[in-house]
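With the input below, show me the fold.
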Amino acid sequence: MRLRLLRLLSSAPFAFLLSGCQGIQSALDPASRDARLVAELSWWMFTSAVFIYIVTIGLLAVGAGLFRGRKRLSFRSSTTLVILGGVCAPIIAIIAIGVSGVAIGDETEGAREAGTALTIEVVGKQWWWELRYLDEAGEVIAVTANELHLPVGERARLELLSDNVIHSFWAPNLQGKTDAIPGRRNVLFAEPAVEGVWRGQCAEFCGKQHTLMGFMVVAEPRDEFNAWLERQASDALAPPAPGLDVFLDLGCGGCHTIRGTPADGQKGPDLTHLASRRTIAAATLPNSRGNLGGWITDTHEVKPGALMPSFIPEPQDLHDLLDYLEALH
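Below you'll find the model as predicted:
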């Protein structure tokens, strides 16, 4: 009852601000229970700040004589205003934030951990995200990059790691921020309540391409998720083609993996099912033929400082390469 009342008081005055905000990267457009709690606490903090602001401006106006003509306040009246504005109002605001924070904190992640059926390792790279889907024994069954798929209505356990510097994994529509720290395994839970596609972001400055270290979150029904995961666990579905030879000749296989081919590099994203992804370059560009070609031939125009070098193959070789990459569903 207490938490329900807090939700009503914190969200009702501001509901009109959220209209038309579906599907965007926003902590105020929650698509999960956890994100809703974070949004409610945010509104409580905003409400408290507005309260303090109104009280302060009102007291300043009174002190300046705006409501008393030219009559000056007595020492006793001035002291009362200082106590009300400098002590009582902040205490009221702190109590409001504290009570709402404790109420929200009652619904902890750990209490629901036993219900998780899906575990995903999320590894922060320079500057992209590797996603490793694990089976019940902790073995990797599928690897993808920069696109996190989750079944709707099920709680997933995300284990955050980094192989370079500190990153921060933030999908504001689903959950709060959690750091990915080298040598440490932090845990985050995500449970989308509705179908949808949202953008996430690294929220910790990690280098030159921090601002373009994004990812996509896709929440879908369990049967669609199972079909997607089965495809991701398979080897490349595209048959050998001239484009694969171009890929290998350019040395791309030294950094990228395409399972079922000689390409087994570990430095860059796994490209086995590249064509099934919505974006490339860590959610920087839509995954289209033109963008893919531009990314290959002028990488640093898109992401200055990216570790991938640019390649300029012969025109026919580039077309063959793009044909092959577009077949990697």
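
Quick check: nearest residue in space to residue 253, chain neighbours excluded?
Distance criterion C-beta to C-beta, 6 or more residues apart in numbering; nearest residue to residue 253, sequence neighbours excluded, is residue 263 at 3.1 Å. Quick note: C-beta positions are derived from backbone N, CA and C, even for glycine.

Report how many residues lie close to the nearest residue to residue 25 once chain neighbours are set aside.
Nearest non-adjacent residue to residue 25, counting by C-beta to C-beta, 6+ apart: residue 199, 4.2 Å away. Neighbour count for residue 199, taken as other C-beta atoms under 10 Å: 18.

Regarding this protein, what is its longest helix?
For the chain, the helix that runs over the most residues, judged by DSSP state H, is helix 33-63.

now for it, which elements pack on it?
Here helix 33-63 touches helix 2-11, helix 75-83, helix 89-105, going by 3 or more C-beta pairs under 8 Å, 6 or more residues apart in numbering; DSSP states H and E.

Show me the least confident stretch of the ones you listed, going by mean pLDDT.
Set side by side, the helices and strands packed on helix 33-63 give their lowest mean pLDDT on helix 2-11, at a mean of 40.

sorry, back to before: which residues touch the residue nearest to residue 253?
Each residue near residue 263 by C-beta atoms under 8 Å, 6 or more residues apart in numbering is listed here: 247-248, 252-253, 256-257, 271.

what about it, distance to residue 144?
Between residue 263 and residue 144 the distance is 16 Å, computed by C-beta to C-beta, to the nearest Å.

With residue 250 instead?
Applying C-beta to C-beta to residue 250 and residue 144 gives a distance of 22 Å.

Those two - which one has more neighbours?
Per other C-beta under 10 Å, whichever of residue 250 and residue 144 has more neighbours is residue 144, with 24 against 16.

So the more buried one belongs to a strand, correct?
Yes - Residue 144 forms part of a strand when assessed by DSSP: H, G, I helix; E, B strand; the rest coil.

and the closest residue to it other than its chain neighbours, bridged to which residues?
Using C-beta to C-beta, 6+ apart and skipping residues adjacent in sequence, the residue nearest residue 144 is residue 131, 5.1 Å away. Beta bridges link residue 131 to residue 122, residue 144 when assigned by DSSP bridges.
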